[in-house]
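Student: pasting a predicted model and its sequence here:
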Amino acid sequence: MVAYRIDRHSGVATHLQIVQQTKQALRLGRLRPGDRLPTAREVVEAIAVNPNTVLKAYRELEREGLVEARRGLGTFVRRGLGTAAGSPLRAELEDWTARARQSGLEREDVAALFTAVLDTHYPDHRTTPGPDPS
(Lines give C-alpha, C1' and ligand atoms only; values in the text may rest on other atoms or scores of the structure.)
Protein backbone atom coordinates (compact mmCIF):
# COMPACT_ATOMS: atom_id res chain seq x y z
CA MET A 1 0.00 0.00 0.00
CA VAL A 2 1.17 3.53 -0.69
CA ALA A 3 1.41 6.19 2.02
CA TYR A 4 1.02 9.67 0.60
CA ARG A 5 3.00 12.67 1.86
CA ILE A 6 1.84 16.13 0.90
CA ASP A 7 4.22 19.06 0.69
CA ARG A 8 1.97 22.08 1.12
CA HIS A 9 4.83 24.44 0.25
CA SER A 10 5.80 22.81 -3.05
CA GLY A 11 3.44 24.81 -5.24
CA VAL A 12 2.15 21.54 -6.73
CA ALA A 13 -1.57 20.92 -6.33
CA THR A 14 -2.39 18.25 -3.75
CA HIS A 15 -4.24 16.00 -6.21
CA LEU A 16 -1.23 16.12 -8.54
CA GLN A 17 1.09 15.13 -5.69
CA ILE A 18 -1.13 12.09 -5.09
CA VAL A 19 -1.02 11.24 -8.81
CA GLN A 20 2.78 11.67 -8.93
CA GLN A 21 3.36 9.57 -5.83
CA THR A 22 1.09 6.82 -7.13
CA LYS A 23 2.97 6.77 -10.43
CA GLN A 24 6.28 6.65 -8.59
CA ALA A 25 5.04 3.67 -6.55
CA LEU A 26 4.01 1.97 -9.82
CA ARG A 27 7.41 2.65 -11.40
CA LEU A 28 9.26 1.30 -8.38
CA GLY A 29 7.09 -1.80 -8.07
CA ARG A 30 5.62 -0.78 -4.71
CA LEU A 31 2.20 -0.99 -6.33
CA ARG A 32 1.38 -3.80 -8.74
CA PRO A 33 -1.63 -4.76 -10.83
CA GLY A 34 -4.41 -5.95 -8.53
CA ASP A 35 -3.27 -3.92 -5.52
CA ARG A 36 -5.90 -1.73 -3.86
CA LEU A 37 -5.18 1.95 -3.33
CA PRO A 38 -6.10 3.40 0.05
CA THR A 39 -9.71 4.53 0.19
CA ALA A 40 -10.40 8.24 0.02
CA ARG A 41 -11.37 8.08 3.68
CA GLU A 42 -8.03 6.46 4.62
CA VAL A 43 -6.09 9.12 2.72
CA VAL A 44 -8.16 11.91 4.28
CA GLU A 45 -7.45 10.56 7.77
CA ALA A 46 -3.73 10.11 7.04
CA ILE A 47 -2.93 13.46 5.43
CA ALA A 48 -5.88 15.74 6.24
CA VAL A 49 -7.05 16.64 2.75
CA ASN A 50 -10.49 17.09 1.27
CA PRO A 51 -12.03 13.80 0.05
CA ASN A 52 -12.77 15.45 -3.31
CA THR A 53 -9.03 16.05 -3.75
CA VAL A 54 -8.33 12.34 -3.39
CA LEU A 55 -11.20 11.43 -5.71
CA LYS A 56 -9.92 13.93 -8.30
CA ALA A 57 -6.47 12.27 -8.19
CA TYR A 58 -7.96 8.79 -8.51
CA ARG A 59 -10.13 9.93 -11.47
CA GLU A 60 -6.99 11.27 -13.18
CA LEU A 61 -5.22 7.94 -12.66
CA GLU A 62 -8.30 6.15 -13.97
CA ARG A 63 -8.39 8.36 -17.10
CA GLU A 64 -4.77 7.36 -17.71
CA GLY A 65 -5.76 3.68 -17.50
CA LEU A 66 -3.58 3.02 -14.45
CA VAL A 67 -6.33 2.22 -11.95
CA GLU A 68 -9.98 1.22 -11.97
CA ALA A 69 -12.70 1.95 -9.48
CA ARG A 70 -14.78 -1.05 -8.45
CA ARG A 71 -18.03 0.05 -6.91
CA GLY A 72 -18.20 -0.91 -3.26
CA LEU A 73 -14.72 -2.47 -3.32
CA GLY A 74 -12.28 0.39 -3.87
CA THR A 75 -9.76 1.52 -6.46
CA PHE A 76 -7.37 -1.06 -7.86
CA VAL A 77 -4.19 -0.90 -9.94
CA ARG A 78 -4.77 -2.00 -13.53
CA ARG A 79 -1.19 -1.81 -14.80
CA GLY A 80 2.32 -0.93 -13.68
CA LEU A 81 4.77 1.58 -15.08
CA GLY A 82 8.34 0.89 -16.14
CA THR A 83 10.87 -1.33 -14.51
CA ALA A 84 12.87 1.10 -12.41
CA ALA A 85 12.77 -1.12 -9.32
CA GLY A 86 14.80 -3.94 -10.84
CA SER A 87 17.15 -1.83 -12.92
CA PRO A 88 20.88 -2.29 -12.34
CA LEU A 89 21.07 1.48 -12.52
CA ARG A 90 19.31 1.66 -9.18
CA ALA A 91 22.30 0.08 -7.45
CA GLU A 92 24.59 2.59 -9.12
CA LEU A 93 22.35 5.43 -7.99
CA GLU A 94 22.30 4.01 -4.45
CA ASP A 95 26.12 3.99 -4.44
CA TRP A 96 26.33 7.49 -5.90
CA THR A 97 23.85 8.83 -3.35
CA ALA A 98 25.81 7.26 -0.49
CA ARG A 99 29.00 8.91 -1.78
CA ALA A 100 27.23 12.25 -2.12
CA ARG A 101 26.05 12.03 1.48
CA GLN A 102 29.51 11.01 2.71
CA SER A 103 30.98 14.01 0.90
CA GLY A 104 28.71 16.30 2.92
CA LEU A 105 25.95 17.06 0.42
CA GLU A 106 22.53 17.66 1.95
CA ARG A 107 19.36 16.10 0.53
CA GLU A 108 18.43 19.40 -1.15
CA ASP A 109 21.90 19.63 -2.74
CA VAL A 110 21.57 16.12 -4.16
CA ALA A 111 18.04 16.84 -5.43
CA ALA A 112 19.19 20.07 -7.11
CA LEU A 113 22.17 18.36 -8.71
CA PHE A 114 20.12 15.40 -9.89
CA THR A 115 17.38 17.67 -11.28
CA ALA A 116 19.93 19.78 -13.18
CA VAL A 117 21.47 16.66 -14.76
CA LEU A 118 18.03 15.17 -15.43
CA ASP A 119 16.90 18.38 -17.15
CA THR A 120 20.01 18.24 -19.36
CA HIS A 121 19.17 14.74 -20.56
CA TYR A 122 15.37 15.12 -20.61
CA PRO A 123 14.89 18.78 -21.61
CA ASP A 124 11.31 18.32 -22.83
CA HIS A 125 10.09 17.21 -19.39
CA ARG A 126 11.20 20.00 -17.11
CA THR A 127 8.94 20.30 -14.10
CA THR A 128 10.72 23.17 -12.43
CA PRO A 129 12.80 25.97 -13.85
CA GLY A 130 16.40 24.87 -13.88
CA PRO A 131 19.70 26.38 -14.86
CA ASP A 132 20.30 27.14 -18.49
CA PRO A 133 22.34 24.17 -19.79
CA SER A 134 24.31 26.35 -22.22
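Tutor: In hand now; what should we look at? Numbers count the residues shown, from 1 in each chain.

Student: for the residue nearest to the spatial centre of the chain, give me its contacts.
Tutor: Nearest residue to the geometric centre of the chain (C-alpha atoms, centre = their mean): residue 21, 2.6 Å. Taking C-beta atoms under 8 Å, 6 or more residues apart in numbering as the contact definition, residue 21 lies against 2, 4-5. Any C-beta I mention is one placed from the backbone N, CA and C, and that applies to glycine too.

Student: try 10 Å
Tutor: 2-6, 30, 57 (C-beta atoms under 10 Å, 6 or more residues apart in numbering).

Student: from those residues, which ones fall inside helices?
Tutor: Members of these lying in helices (criterion: DSSP state H): residue 57.

Student: buried among the contacts of residue 21? Make that a ChimeraX selection.
Tutor: Selection command for ChimeraX covering only the buried members of the contacts of residue 21, criterion 16 or more other C-beta atoms under 10 Å:
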select :2,4,6,30,57
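
Student: got JSON lines for the contacts of residue 21, with distance to residue 42 and pLDDT too?
Tutor: Formatted as JSON lines, the contacts of residue 21 follow (distance: C-beta to C-beta, whole Å; pLDDT from 0 to 100):
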{"residue": "2", "distance to residue 42": "11", "pLDDT": "89"}
{"residue": "3", "distance to residue 42": "10", "pLDDT": "92"}
{"residue": "4", "distance to residue 42": "10", "pLDDT": "96"}
{"residue": "5", "distance to residue 42": "14", "pLDDT": "95"}
{"residue": "6", "distance to residue 42": "14", "pLDDT": "95"}
{"residue": "30", "distance to residue 42": "16", "pLDDT": "90"}
{"residue": "57", "distance to residue 42": "13", "pLDDT": "98"}
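
Student: hang on, the earlier thing: so how far is residue 99 from the residue nearest to the centre of the chain?
Tutor: 27 Å (C-beta to C-beta, to the nearest Å).

Student: again with residue 91
Tutor: Applying C-beta to C-beta to residue 91 and residue 99 gives a distance of 13 Å.

Student: hmm, back to that, confirm that the residue nearest to the centre of the chain sits in a helix.
Tutor: Yes. According to DSSP: H, G, I helix; E, B strand; the rest coil, the state of residue 21 is that of a helix.
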